[in-house]
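Asker: Next comes the sequence, and after it the predicted model I'd like to discuss.
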Amino acid sequence: MKLLPIVLLVLAILVTAGLARRKAPLDPQAAPSPRLSPFGTDSQAADARGEQVDYLPFDPITRLELLDHVRTLASDAMEGRRTGEPGADRAATYIEDEFRRSGLRPGGDEGSYRQSFQAQLGARMGEKNRLVLKSPGGPVVMGLDSDWRPLSFSTRGQLLSPITFCGYGITANDPPYDDYAGQDVRDRVVLLLRYEPGADDPHSPFGGSSLTMHADLRNKTKNAFDHGAAGVLVVTGPATQQDDLLPFDTGADAGSGHLPAAQLRRPALSPLLDVVEVDLAAVQARIDQTYQPYSFPLDLTVEMEVDVEPVEAEAFNVIGILRGGDPAFRDEAIVVGAHYDHLGRGGRGSLAPDTVAIHNGADDNASGVAAVIEIAEALATTPAEVRRSIVFVAFTGEELGLLGSSYYVEHPAMPLALTRAMINLDMVGRGRDREVLIGGAGTSPDLRQVVEEEARADFLSPVFSEGGYGPSDHTAFYARDIPVLFLSSAPHEDYHRPTDDWEKVDLHYLEMIARLAQRVTGRLAGEVAEIRFVRADTGGPPGSRPGGEGYGTRGYGPFLGTVPDFGPSKEGVRLSGVRQGSPAEIAGLRRGDLIVGWDRRRIFNLEDYAAALRSQRPGDRVEIEFLRDGETQRAVAVLGERR
């Protein structure tokens, strides 16, 4: 009988320890349910990974749970989590269930965890594509996908127009060259050669044997539009042996090319050129040898209907809110986010462009989402310590150009005016030793010290960069004058490739970064009385991904210093920010301006804007036309060296 009290005491200790690991969530109405994993128990998952994991039963963040999230989100069942596809919807459901299980309040539409918006995903060919070429010898109907194919960025439209041959379709200042000189192509279709003059000549003034921006078919089409053409036909010249039609790019932005545009195969075009006595090989050789334009009208007419449709789909951010416990601060918010979308089965954005395979995106960015889920669960167990509210967001559309975060800042779950900071985790599963890259350290004097102090707890070595802009979702917040922290790690050989799998994630490293972010978030939400914003317009973290995600950070051509809004637009380019001390700021541009013109060329979208900037050199003076408060204004900027 004397053993009974001892047995009861031991049982009480074990029960208490078990409960400590799962304290009551903030909302008793949303009690956690057991996590369901397609990979069995935590022990089975650990055995599969080969990890020897030691943790206390009350640890709020553990490697086993992080592994569970990463393996689930980066499994083949999620099909690469491409925005708008079923795999991304399954990933959103998983994250939603985790937020609910942790007791977070829904922060999405109509009392749900999901914030819905329409995302343009790409393009597809419609059913009404037709092309007929007419010569003095009669009409010839071209076979779709055998003789011709629409370009994926083409607009929809019908044409019956005469044709002018305009060489390579290039207008350039350096070198001085204009295929449109002396030609009036208004209301005519232009026939253009692919590539550039002397593409195989290492001494070509067009960048030697390396192709320049002038070879880009979008730039050729935009130049034709600027000269008043009604449409574009592109053919591979005889100097290039291969003459396959380009694949239809289903990831393209349909309609962004401004004109109906299509490509022709040489064997389909050559008989008609023979009828009008044009030797395309001789014409191309003349241009390539002299580097002088040779353009002329053709006695040909084209009847063409191009049917390229935009592909849109409903996309979702997933939002959960942990309400602050201090009435004086609970209306203020800290946002903690990570993007959950990836590249599906490859295509646009993949660094294995010829491979059709599931890109599981374990590091990019199942690792960041796993950390956010665990941070939310950990902080929800100690609501009394959270004074400010914390908004947890899993963004979609990051790989397509920061679509989800751009939509969020326009439709925030809590007012942006009261959002004090944003912490972004992107690729935090494969670091070098204990190094962690932290961007945004200069966006508030109140952030860096907190990170340094908390990094010491796990003997981490933070590598700081000051700037608030970068190749991920925090950019949308910094552009709205919100202090940001961007936690990331150095790029690796599996970035944007099918080999970015869960087995390669360093669970110990991921756990350290998640714990660091948890502690920093907890202090910003619970201890730091004021978080001040400071402009810090330098680049992203050292060693960050080359070219970045979406539109990246390296930029185009010379330096202007504008930060575009990455949301879809067909009326111009909205500026979400202007870098301090940049040529753009000196010229008077500011956030909110809508860029619609560049040296009298019309700007409709980001592709136009990038092409215009790439066509210039440092020191050039350019006139920029923009709309501000509905009024058209102009500014002259002197472009600088890209930094």
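Answerer: Okay, I see it.
Asker: Please tell me I have it right and residue 69 contacts residue 373.
Answerer: Yes. The pair residue 69 and residue 373 qualifies as a contact (Cβ atoms under 8 Å) at a distance of 5.6 Å. In this view, the C-beta of every residue, glycine as well, is placed from N, C-alpha and C.
Asker: Pick out whichever of the two has more residues nearby.
Answerer: Each of residue 69 and residue 373 has its neighbours counted (other Cβ atoms under 10 Å); residue 373 has more, 29 against 24.
Asker: For the helix or strand the more buried one falls within, enumerate the helices and strands it packs against.
Answerer: Using DSSP states H and E, residue 373 sits within helix 368-380. Applying 3 or more Cβ pairs under 8 Å, 6 or more residues apart in numbering; DSSP states H and E, one finds that helix 368-380 contacts helix 63-73, helix 86-101, strand 308-322, strand 333-339, strand 389-395, strand 419-425, helix 507-526.
Asker: Now for residue 323: which residues touch it?
Answerer: 26, 105, 330, 383, 389 (Cβ atoms under 8 Å, 6 or more residues apart in numbering).
Asker: all helices for the chain, in order.
Answerer: If DSSP state H is used as the criterion, the helices of the chain fall at 3-21, 42-49, 63-73, 86-101, 217-226, 266-275, 280-290, 368-380, 403-410, 448-455, 474-478, 507-526, 583-587, 606-614.
Asker: Out of those, which one sits most buried?
Answerer: Burial of these is given as mean neighbour count (mean count of other Cβ atoms under 10 Å); helix 474-478 ranks first at a mean of 29.
Asker: Please enumerate residues in contact with it?
Answerer: Outside helix 474-478, the residues touching it (Cβ under 8 Å, 6+ apart) are 335, 337, 402, 405-406, 408-409, 419, 422-424, 439-440, 443, 468-469, 484-486, 563, 566, 576-577.
Asker: Please report how far the closest residue to residue 168 other than its chain neighbours lies from residue 571.
Answerer: Once flanking residues are discounted, residue 168 sits nearest to residue 193: 5.0 Å by Cβ to Cβ, 6 or more residues apart in numbering. Using Cβ to Cβ, to the nearest Å, one gets 32 Å for the distance from residue 193 to residue 571.
Asker: quick one, which of the two is more surrounded?
Answerer: Between residue 193 and residue 571, counted using other Cβ under 10 Å, the more crowded position is residue 193 (27 against 11).
Asker: these two touch, right, the more buried one and residue 199?
Answerer: No. Residue 193 lies out of contact with residue 199 (Cβ under 8 Å); the separation is 9.7 Å.
Asker: Out of the helices of the chain, which gets nearest to residue 149?
Answerer: helix 266-275 (11.0 Å; Cβ to Cβ).
Asker: For stretch 99-119, C-alpha coordinates in PDB please.
Answerer: Output of stretch 99-119 as PDB, limited to C-alpha atoms (Å, rounded to 0.1, in the frame of the first residue of the first chain):
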ATOM      1  CA  PHE A  99      -3.900  26.900 -38.300                       C
ATOM      2  CA  ARG A 100      -7.300  25.700 -37.100                       C
ATOM      3  CA  ARG A 101      -5.700  23.000 -34.900                       C
ATOM      4  CA  SER A 102      -3.400  25.600 -33.300                       C
ATOM      5  CA  GLY A 103      -6.500  27.700 -32.400                       C
ATOM      6  CA  LEU A 104      -5.800  30.700 -34.800                       C
ATOM      7  CA  ARG A 105      -8.800  32.700 -35.700                       C
ATOM      8  CA  PRO A 106      -9.700  32.800 -39.400                       C
ATOM      9  CA  GLY A 107      -8.300  35.800 -41.200                       C
ATOM     10  CA  GLY A 108      -9.700  35.200 -44.700                       C
ATOM     11  CA  ASP A 109     -12.900  35.800 -46.500                       C
ATOM     12  CA  GLU A 110     -16.300  35.500 -44.800                       C
ATOM     13  CA  GLY A 111     -15.000  33.900 -41.600                       C
ATOM     14  CA  SER A 112     -12.700  31.400 -43.400                       C
ATOM     15  CA  TYR A 113      -8.900  31.000 -43.400                       C
ATOM     16  CA  ARG A 114      -8.800  31.500 -47.200                       C
ATOM     17  CA  GLN A 115      -8.300  34.900 -48.900                       C
ATOM     18  CA  SER A 116      -9.300  34.400 -52.500                       C
ATOM     19  CA  PHE A 117      -8.300  36.300 -55.600                       C
ATOM     20  CA  GLN A 118      -8.100  35.600 -59.400                       C
ATOM     21  CA  ALA A 119      -4.600  34.900 -60.700                       C
END
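Asker: quick one: average confidence on it?
Answerer: Taken as a whole, stretch 99-119 has a mean pLDDT of 96.
Asker: Chain neighbours aside, what residue packs nearest to residue 167?
Answerer: Residue 167's closest residue in space is residue 179 (Cβ to Cβ, 6+ apart), at 3.9 Å.
Asker: How many residues are close by that neighbour?
Answerer: Residue 179: 28 neighbours (other Cβ under 10 Å).
Asker: where does this structure dip in pLDDT?
Answerer: 1-59, 537-557, 566-570, 642-643 (pLDDT under 70).
Asker: Outline the domain layout of it.
Answerer: Following automatic domain parsing, the chain resolves into domains at 22-122+312-526, 130-306, 562-638.
Asker: can you redo the ones you listed as JSON lines with distance to residue 532?
Answerer: Formatted as JSON lines, the domains of the chain follow (distance: least, Cβ to Cβ, whole Å):
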{"stretch": "domain 22-122+312-526", "distance to residue 532": "5"}
{"stretch": "domain 130-306", "distance to residue 532": "39"}
{"stretch": "domain 562-638", "distance to residue 532": "16"}
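Asker: Compile the helices and strands packed on helix 368-380 into TSV and extend it with columns for distance to residue 205.
Answerer: Below are the helices and strands packed on helix 368-380 laid out as TSV (distance: least, Cβ to Cβ, whole Å):
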stretch	distance to residue 205
helix 63-73	50
helix 86-101	46
strand 308-322	34
strand 333-339	42
strand 389-395	44
strand 419-425	43
helix 507-526	49
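Asker: Relative to residue 140, which of those is closest?
Answerer: The minimum distance between residue 140 and these falls on strand 308-322, with 22.5 Å, by Cβ to Cβ.
Asker: which strands and helices sit next to that closest one?
Answerer: Strand 308-322 sits against helix 86-101, strand 105-106, strand 114-125, helix 368-380, strand 389-395, helix 403-410, with contacts defined as 3+ Cβ pairs under 8 Å, 6+ apart.
Asker: Give me the contacts around the longest one.
Answerer: To tie it back to what came earlier, the one meant is helix 86-101. 30, 32-33, 35, 69, 72-73, 77-82, 113-114, 315-316, 318, 320, 340-341, 344, 369, 373, 376-377, 392, 394, 396.
Asker: From the residues you listed, list just the buried residues.
Answerer: Buried by 16 or more other Cβ atoms under 10 Å: 30, 32, 69, 72-73, 78-82, 113-114, 315-316, 318, 320, 340-341, 344, 369, 373, 376-377, 392, 394, 396, out of the contacts of helix 86-101.
Asker: Of the contacts of residue 323, which is the most crowded?
Answerer: Neighbour max across the contacts of residue 323 (other Cβ under 10 Å) = residue 389, 25 neighbours.
Asker: What's the separation between the residue nearest to residue 168 and residue 154?
Answerer: 18 Å.
Asker: now swap in residue 326 and tell me
Answerer: From residue 326 to residue 154 the distance is 56 Å (Cβ to Cβ).
Asker: neighbour count winner among those two?
Answerer: residue 154 (27 against 15).
Asker: can you pull out the strands in the stretch 151-300 of the chain?
Answerer: Counting by DSSP state E, counting those that start in this stretch, one finds strands in the stretch 151-300 of the chain at the ranges 157-165, 171-172, 177-178, 189-193, 231-235, 261-264, 296-306.
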